[in-house]
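> Here is a sequence with its predicted model. Questions after.
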Amino acid sequence: MQTRAARPTAALTALLAALAAALLTPAPAVAASSSRTFRPAVTAASLTEVTGFGSNPGALRMFRHDPPDLPANAPVVVALHGCGQDAGYAVDSGWTALADRLRFSVVVPQQSTANNLSKCFDWFQAGDVARGAGEAASIAQMVDRQLADVRGDASRVYVTGLSAGGGMTAVMMAAYPEKFAAGGIVAGLPYGCSDAAGGPYPCMYGWANQTPAQWGDRVRRARPGYPGPWPALTVFQGSADGTVKPSNMTDLVGQWTDVQGADQSADVSDTVAGYPHRIYRDPSGRAVAETYSVTGMGHGQPVDPAAGCGSAAPYILDVHLCAAGRLSDTWGLGPG
């Protein structure tokens, strides 16, 4: 693993620690989970560490899950954990079980305390969110290694993440749009939000105050001259999330509908598992953005253990809705 450049000043380190504390403060949820313990660090037998996947400028670790009967040209899903979590997020959120059933592989980047004291992906650090640099470049290198190792389908690579992992999902969609067919952001942030708001806290609280065009310009500047296609977006957001305010979902929709040339009026408004669900289409009729507003849910990943989706844990919340399953259906990973 490559040595990472020196981290920020003591003042900024203190800010990052405070930010991580806020991200790890339990929020109201439909199904309480704060009494449960975290899954031990990467002990699931189904996860294998991979080394030597590139120059790794972001000094991340790479884990993956490859079903034993994985065919060639199978899809690849990149799953990014939240603060205080580790690669076991891919197990608790239901992604590894889905991979076994539907026969795709899962890449699981893992943050370290050397990069961030609370193991948050650095979605707000300039050196980690630009194309060709830092953590974003490390994740892109993991995708390339996985595609080569399993002979995966480069046109069917997807990225998803929770909280800080959701923020990094937006980074990957913006900085490396050619690598991803779609992204799924769970309680995350728009690309460039920290800069727009004047810091990570104002961003999380929804104070960026940007128009859809301004949000879209931030994405376009991340990959100048890119002609498209851009990744489609799906967002899951708890209506009672006090850590990443629900207005961030509105900003994400504004950002990515603008990038996709769509308006901000939903073309489909219905409910899924009793929760409001919206679909936004571009002028050709293609669904380019989709949202799930999980009524009453705090900060976390929606799972449905009774239906075989995931395991309730801190910030992995049993709300009878499987985010991983809904994404796998939207992305066409299998019958669902």
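That came through fine. Numbers count the residues shown, from 1 in each chain.
> List the buried residues of stretch 199-217.
Buried residues in stretch 199-217, counted by 16 or more other C-beta atoms under 10 Å: 199-200, 203-206, 208, 210, 212, 215-217. All C-beta spots, glycine's among them, are computed from the backbone N, C-alpha and C.
> Redo these as a markdown table? Include secondary structure.
Listed next are these as a markdown table, based on DSSP: H, G, I helix; E, B strand; the rest coil:
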| residue | secondary structure |
| --- | --- |
| G199 | coil |
| P200 | helix |
| C203 | helix |
| M204 | helix |
| Y205 | coil |
| G206 | coil |
| A208 | coil |
| Q210 | coil |
| P212 | helix |
| W215 | helix |
| G216 | helix |
| D217 | helix |
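> what about the protein, any weak spots by pLDDT?
For the chain, the stretches flagged by pLDDT under 70 are 1-45, 335-336.
> Where do the helices of it begin and end?
Remark: helices assigned in the chain by DSSP state H are 10-23, 89-92, 95-102, 126-129, 134-150, 164-175, 193-197, 200-204, 212-222, 247-260, 323-330.
> right, so these: which one is the most enclosed?
Ranked by mean neighbour count under mean count of other C-beta atoms under 10 Å, the helices of the chain are led by helix 164-175, which reaches a mean of 29.
> Check the offset of that helix from the chain's centre.
Put simply, helix 164-175 sits 6 Å off its chain's centre (C-alpha atoms, centre = their mean, to the nearest Å).
> other SSEs contacting it?
Using 3 or more C-beta pairs under 8 Å, 6 or more residues apart in numbering; DSSP states H and E, the elements in contact with helix 164-175 are strand 76-80, helix 126-129, helix 134-150, strand 157-162, strand 182-186, helix 212-222.
> Just want the angle from that helix to helix 134-150.
Calculated by axes from the mean of the first three to the mean of the last three C-alpha atoms, to 10 degrees, helix 164-175 forms an angle of 80 degrees with helix 134-150.
> Determine the angle, from 0 to 180 degrees, between helix 164-175 and strand 182-186.
Compare the direction of helix 164-175 with that of strand 182-186 by the same axes, to 10 degrees and you get 150 degrees.
> quick one: contacts for T271?
Applying C-beta atoms under 8 Å, 6 or more residues apart in numbering to T271 gives the contacts H277.
> rewinding a little: nearest to A306 among the helices and strands packed on helix 164-175 would be which one?
When the helices and strands packed on helix 164-175 are compared by C-beta to C-beta, strand 182-186 sits nearest A306, at 19.6 Å.
> quick one: contacts of the closest one?
158-163, 165-166, 169-170, 172-173, 231-237, 252, 300-302, 323, 327, 330-331.
> coming back round to it: want to throw the helices and strands packed on helix 164-175 into a markdown table with distance to S269?
A markdown table is the format used below for the helices and strands packed on helix 164-175 (distance: least, C-beta to C-beta, whole Å):
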| stretch | distance to S269 |
| --- | --- |
| strand 76-80 | 28 |
| helix 126-129 | 33 |
| helix 134-150 | 34 |
| strand 157-162 | 23 |
| strand 182-186 | 20 |
| helix 212-222 | 19 |
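> Mind checking the ones you listed for the one nearest to P67?
Among those, the nearest to P67 by C-beta to C-beta is helix 134-150 (9.9 Å).
> I'd like the C-alpha coordinates of the closest one written as PDB, please.
Only the C-alpha atoms of helix 134-150 are listed here, as PDB (Å, rounded to 0.1, in the frame of the first residue of the first chain):
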ATOM      1  CA  GLY A 134      -6.600  10.400  -3.700                       C
ATOM      2  CA  GLU A 135      -9.400   8.100  -2.600                       C
ATOM      3  CA  ALA A 136     -11.400   8.500  -5.800                       C
ATOM      4  CA  ALA A 137      -8.500   7.300  -7.900                       C
ATOM      5  CA  SER A 138      -7.900   4.300  -5.500                       C
ATOM      6  CA  ILE A 139     -11.600   3.200  -5.900                       C
ATOM      7  CA  ALA A 140     -11.300   3.600  -9.700                       C
ATOM      8  CA  GLN A 141      -8.200   1.300  -9.600                       C
ATOM      9  CA  MET A 142     -10.100  -1.300  -7.600                       C
ATOM     10  CA  VAL A 143     -12.800  -1.300 -10.300                       C
ATOM     11  CA  ASP A 144     -10.200  -1.900 -13.000                       C
ATOM     12  CA  ARG A 145      -8.600  -4.700 -11.000                       C
ATOM     13  CA  GLN A 146     -11.900  -6.400 -10.400                       C
ATOM     14  CA  LEU A 147     -13.000  -6.300 -14.000                       C
ATOM     15  CA  ALA A 148      -9.700  -7.800 -15.100                       C
ATOM     16  CA  ASP A 149      -9.700 -10.500 -12.500                       C
ATOM     17  CA  VAL A 150     -13.300 -11.800 -13.000                       C
END
